[in-house]
Each structure stands twice: as C-alpha cells, then as structure tokens.
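Enquirer: Predicted coordinates and the sequence they were generated for:
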Amino acid sequence: MAVEEPNYTLVQSDPDFELRRYAPYLVAETRVTGDFDSVGNQAFRILAGYIFGDNRSQTKLEMTAPVTQTTAEGTGERLEMTAPVIQRSDGDGTSGTYVLSFVMPAGYRLDTLPVPTDPRVTLREEPSRLMAVRRYSGRWTRSNYLEQESRLLRGIRQAGLQPIGTPRYARYNPPFTPWFLRRNEVMVEVAEPSAP
C-alpha cells in the first residue's frame, strides 16, 4: 500500500546524498522530552491520536510519511496554534527536547485541517526548502542516526554546500517493519548554491 510523501524534485544525486527541492507541505507536530531512542513512541501516540480522530471534527486523516524528529535547540520558531514525524533535540542529543512531526495529507490548507483537541499538537506549514538527504536502512537508534548524519554533513561540505539549521531524522516505516527493510533518512536544509 502506497503512503503519501511530501513532493520534491531531485536536483542532484551524489554518492553520499541527494539534493532535493521540497514543495511546501503541512505538518502536525509536538514537542517531547526524553532520550533520542524513546521520544518517538511518546510523540507517536500524541500525533496518532490527532490523525485518528482526536480533533474537534473527529476527522480521521490518512497516515503519511515520513515521521520526522529533530532537536528543539536553535529553531527559534514560535508555532502558532491552528486547527510526518520530524524529531529535533536540545542539549547533548541523548536527553532533551525533540520536535516530532507527521506530514499532513495533500489537499488541506492550514485553515481546513481539523483543529487539534490536544494542546500539545500544533499545525504549521513547512516552506519550500532545498534539502540534502542521505537514505539508509537499519535500526532506529541514536548511534545509527549519528553515523549517517556525520556522513551526510561531510558529503555536503565536500560538495561545496553549506548546511543551514539542525539535521532532521526521518522514518518511513511502521515499527513492525524488520530493521533491515526500514527506510530512514537524515536530512538538512542547505543554502542555495552560488552560480558559477
């Protein structure tokens, strides 16, 4: 069964990463505190409640991918309360505050998405961005993620690209998917390359 993902255009393919230009898309997100390896379960329950009908209109939304996770440090963004999961953290990355997001199905606008009843859920639009993305399989562990993040950052710097902001961890499969079949990605926004 195909799961909807955000639209992007492949700009460049490199052995260590893909350069993708994402179109704007909507997310439902929540902030949770804990260690990198366990916050996903906590946030998933909150966000799954929203898409499975815990909203004012009791509307059920289709599951999309990815679920993203990133550190909350350095975002400097205030989210407006409106009516997939990304994870971010602060501190040393082992324990801290993370932002996890579910991508919302296409066809909605911020003003047409169901209004969350849980105050921990906020809705916002991700703007169009140029993202460097490294795809990998394996377990959902901090050590696996950090290894892939390091390879991504090294690869984009070698390609002459400048990362912007905090890397994101994206998971595309349900927890029952065998670890060796999982699609994971680490992604980071990059500055527009200067013209030659």
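Expert: Arrived safely, thanks for sending. Numbers count the residues shown, from 1 in each chain.
Enquirer: Which strand runs longest in the protein?
Expert: strand 25-35 (DSSP state E).
Enquirer: And the average pLDDT for it is what?
Expert: For strand 25-35, the per-residue pLDDT values average out at 94.
Enquirer: Following element in sequence after it, please.
Expert: From strand 25-35 onward toward the C-terminus, using DSSP states H and E, the following helix or strand is helix 39-51.
Enquirer: what helices or strands is that next one leaning on?
Expert: Contacts defined by 3 or more C-beta pairs under 8 Å, 6 or more residues apart in numbering; DSSP states H and E place helix 39-51 against strand 25-35, strand 67-72, strand 86-89, strand 95-103. Quick note: C-beta positions are derived from backbone N, CA and C, even for glycine.
Enquirer: That one vs strand 25-35, what angle?
Expert: Angle between the axes of helix 39-51 and strand 25-35 is 140 degrees (criterion: axes from the mean of the first three to the mean of the last three C-alpha atoms, to 10 degrees).
Enquirer: list the contacts for Ile156?
Expert: Counting by C-beta atoms under 8 Å, 6 or more residues apart in numbering, Ile156 touches Asp16, Phe17, Ala132, Gln162, Pro163, Val188, Val190.
Enquirer: redo that, cut-off 6 Å
Expert: Contact analysis of Ile156 by C-beta atoms under 6 Å, 6 or more residues apart in numbering lists Ala132.
Enquirer: Please settle this for me: is it part of a helix?
Expert: Yes. Looking at Ile156 with DSSP: H, G, I helix; E, B strand; the rest coil, it is inside a helix.
Enquirer: any idea how far Leu123 is from it?
Expert: In this structure, Ile156 and Leu123 are separated by 30 Å, where distance is defined by C-beta to C-beta, to the nearest Å.
Enquirer: swap in Val27?
Expert: Here Val27 is placed at a distance of 7 Å from Leu123 (C-beta to C-beta).
Enquirer: Leu47 too?
Expert: Note on Leu47: its distance to Leu123, by C-beta to C-beta, is 11 Å.
Enquirer: what do the two both touch?
Expert: With contacts taken as C-beta under 6 Å, 6+ apart, Leu47 and Leu123 have Ala28 as neighbours in common.
Enquirer: okay, the helices and strands packed on helix 39-51, which one's buried deepest?
Expert: Stretch with highest mean neighbour count among these: strand 86-89 (a mean of 26; mean count of other C-beta atoms under 10 Å).
Enquirer: Please identify the helix or strand for Ile164.
Expert: Taking DSSP H and E as the criterion, Ile164 maps to strand 163-171.
Enquirer: and the angle for that strand with strand 67-72?
Expert: Strand 163-171 and strand 67-72 are oriented at 140 degrees to each other (the same axes, to 10 degrees).
Enquirer: So for Pro163, what's the pLDDT?
Expert: The model reports Pro163 with a pLDDT of 95.
Enquirer: For this protein, name the helix or strand with the lowest mean pLDDT.
Expert: For the chain, the helix or strand with the lowest mean confidence is strand 86-89, at a mean of 44 (criterion: mean pLDDT, DSSP states H and E).
Enquirer: thinking again about what came up before, dump the C-alpha coordinates for the longest strand of the chain into PDB.
Expert: The C-alpha atoms that make up strand 25-35 are tabulated as PDB, following Å, rounded to 0.1, in the frame of the first residue of the first chain:
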ATOM      1  CA  TYR A  25       3.700  21.000   3.000                       C
ATOM      2  CA  LEU A  26       1.700  20.900   6.200                       C
ATOM      3  CA  VAL A  27       2.800  19.200   9.400                       C
ATOM      4  CA  ALA A  28       1.200  18.300  12.800                       C
ATOM      5  CA  GLU A  29       3.900  18.400  15.400                       C
ATOM      6  CA  THR A  30       4.500  18.000  19.100                       C
ATOM      7  CA  ARG A  31       7.400  18.600  21.500                       C
ATOM      8  CA  VAL A  32       8.500  15.800  23.900                       C
ATOM      9  CA  THR A  33      11.300  15.500  26.400                       C
ATOM     10  CA  GLY A  34      13.400  12.300  26.800                       C
ATOM     11  CA  ASP A  35      16.200  10.500  25.200                       C
END
